[in-house]
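Colleague: any chance you could fold what I've pasted below:
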Amino acid sequence: MNLTEKQERLALEIAHALDDMDSIQAHRKMVATYSEDYLRQKLTKALSIPANQIRKSRGALYTSLVQGYGNHSRS
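Modeller: Prediction:
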């Protein structure tokens, strides 16, 4: 997968924000698929949920948010 420098920075930013570097490949794929605005909206939402309301991990919540509504916001 060939990402632009901007896309790579965004994928790393998201992975760091979610403390989810183990899933960097998944974040790269999402950055290549969805618009930056859409991903930032979902990141903001995932980071706003209190930790005690998250079942698995913040990264899993983010992925669920992105994939659950992504069909409307692909870049």
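
Colleague: shaky segments in the chain?
Modeller: For the chain, applying pLDDT under 70 flags the ranges 69-75.

Colleague: which parts of it are helices?
Modeller: Counting by DSSP state H, one finds helices in the chain at the ranges 5-17, 24-33, 36-48, 58-69.

Colleague: could you dump those helices to CSV with mean neighbour count?
Modeller: Heads up, the C-betas are built off the backbone N, CA and C, glycines and all. Supplementary listing: these in CSV, determined by neighbours: other CB atoms under 10 Å:
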stretch, mean neighbour count
helix 5-17, 16
helix 24-33, 18
helix 36-48, 15
helix 58-69, 17
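
Colleague: measure the residue located most distally from the centre of the chain to residue 66 for me?
Modeller: What lies farthest from the middle of the chain is residue 52; by CA atoms, centre = their mean that is 20.0 Å. Using CB to CB, to the nearest Å, one gets 22 Å for the distance from residue 52 to residue 66.

Colleague: ditto for residue 54
Modeller: 15 Å.

Colleague: with residue 37 instead?
Modeller: Distance from residue 37 to residue 66, by CB to CB: 12 Å.

Colleague: ok, now residue 41?
Modeller: 9 Å.

Colleague: just confirm residue 43 contacts residue 61, I think it does.
Modeller: No. Using CB atoms under 8 Å, residue 43 is not in contact with residue 61; the gap is 10.4 Å.

Colleague: ok, residue 17 touching residue 48?
Modeller: No. Contact status for residue 17 versus residue 48: not in contact, 11.9 Å apart, counting by CB under 8 Å.

Colleague: pretty sure residue 46 is touching residue 60, no?
Modeller: No. Contact criterion CB under 8 Å: residue 46 and residue 60 do not qualify, at 9.3 Å.
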